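Student: Next input, structure requested:
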Amino acid sequence: MRRKDAPVEDDDPLDREVDFSNAKPNPFARDYGRNRNLRILSPDLLSVFPDSDSVNEALRALLRVKAAIQPLPPDR
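Tutor: Below you'll find the predicted structure:
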């Protein structure tokens, strides 16, 4: 087991070439993985819906059918 205060042996040549003194945190990192607009399709649906436009078109058609059968509730 290595002691906590023992120096780390690192002979990576890039450590001397890359300057991280002006590094800033990524402002988008906190939202990474929280994107609620992303939906994962099952593999069997990938051939039916090859892109976002086809998914949107199908969902809008479904909403039109639903509206013809029953009116949508008002926005909350």
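Student: so is residue 54 in a helix, a strand, or just coil?
Tutor: With DSSP: H, G, I helix; E, B strand; the rest coil as the basis, residue 54 sits in helix.
Student: can you offset everything so residue one is 5?
Tutor: All right, first residue 5 from here; so that's residue 58.
Student: how near is it to residue 42?
Tutor: Separation of residue 58 from residue 42 (Cβ to Cβ, to the nearest Å): 16 Å. Just so you know, the C-beta spots here come from the backbone N, C-alpha and C atoms, and that holds for glycine as well.
Student: repeat for residue 35
Tutor: From residue 35 over to residue 42 (counting by Cβ to Cβ), the distance is 12 Å.
Student: And for residue 24?
Tutor: 31 Å.
Student: now swap in residue 33 and tell me
Tutor: Using Cβ to Cβ, residue 33 is found at 16 Å from residue 42.
Student: Next: residue 66.
Tutor: Counting by Cβ to Cβ, the gap from residue 66 to residue 42 is 20 Å.
Student: And these two? Which one has more around it.
Tutor: residue 66 (10 against 7; other Cβ atoms under 10 Å).
Student: Pull out the buried positions in the helix or strand where the more buried one lies.
Tutor: If you go by DSSP states H and E, residue 66 is part of helix 56-73. Neighbour counts over helix 56-73 (16 or more other Cβ atoms under 10 Å) mark no residue as buried.
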